[in-house]
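*Asks:* Let's see this in three dimensions:
(one chain, ligands or ions: 1)
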Amino acid sequence: MPERFRVYCLDKSFKGLEGEMIQTFQVKTTKQTEFINITHSVEEAIQKTGMKEGICIIFTPHTTAAITINENVDPSVPKDIIMELSKIVPFEDRYQHTEGNSPAHIKASIIGCSQTVFVETGKLVLGTWQGIFFCEFDGPRSRKIYVKVIPDGG
Ligand code: ZN
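*Replies:* Modelled structure (predicted):
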């Protein structure tokens, strides 16, 4: 997926240390609303921790972004999700939040700011068609993603 190549570490301070149980990385979004496939970056983050068996939590510390798991093969799936979310939460309404980004806050709450995935032999346990997506609802911005691993029996 070409989206994978848009995930960078912009600042060395965000690059998790080898062996640390929390890894962080950033994504630079380029549109107001977009889903970016971060599966490969999450797997790299897990490999840096050295954990082979356990669970990982993928969390984004933002109020207008989210993390979801869905189909990573047909790019029209994320596009359809974005289209329908925008029908549920229109860009214009009688929102009271003066910052002007209420739809982004609402969509972020609907999708949620984290996902939990099993890890076996150092790899994410995902279905054949599944990928992990960072969901931007108020871009373009630089965004942080945290990956926390919890080893079995730890
Ligand atoms: Zn706001």
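*Asks:* Around the residue of the chain at minimum distance from the ion, how many other residues sit close by?
*Replies:* Closest contact between the chain and the ion, by C-beta to the ion, is at E99 (3.6 Å). Placement of C-beta: from N, CA and C, glycine included. Using other C-beta atoms under 10 Å, E99 has 10 neighbouring residues.
*Asks:* ok, now E84?
*Replies:* Neighbours of E84 under the rule other C-beta under 10 Å: 10.
*Asks:* where does the protein have its least confident helix or strand?
*Replies:* strand 7-8 (a mean of 54; mean pLDDT, DSSP states H and E).
*Asks:* mean confidence score for stretch 112-121?
*Replies:* For stretch 112-121, mean pLDDT rounds to 98.
*Asks:* meant to ask about stretch 81-88, not that
*Replies:* On average, stretch 81-88 scores 97.
*Asks:* The ion contacts on this protein?
*Replies:* With C-beta under 5 Å from the ion as the criterion, the chain meets the ion at residues E99, N101.
*Asks:* quick one: the helices in the chain?
*Replies:* 39-49, 76-88, 102-111 (DSSP state H).
*Asks:* List of residues touching the shortest one?
*Replies:* Contact with helix 102-111 is made by 33, 62-68, 85-86, 88-91, 93, 95-97, 135, 137-138, as judged by C-beta atoms under 8 Å, 6 or more residues apart in numbering.
*Asks:* Buried ones among these?
*Replies:* 33, 62, 64-68, 85, 89, 95, 135, 137-138 (16 or more other C-beta atoms under 10 Å).
*Asks:* Quick check: longest strand in the protein by residues?
*Replies:* Identified as the longest strand of the chain according to DSSP state E is strand 142-151.
*Asks:* what's the average pLDDT for it?
*Replies:* 96.
*Asks:* cool, stretch 33-48 as well?
*Replies:* Rounded mean pLDDT across stretch 33-48 is 96.
*Asks:* same deal with stretch 93-104?
*Replies:* 97.
*Asks:* start to end distance for it?
*Replies:* 13 Å (C-alpha to C-alpha, to the nearest Å).
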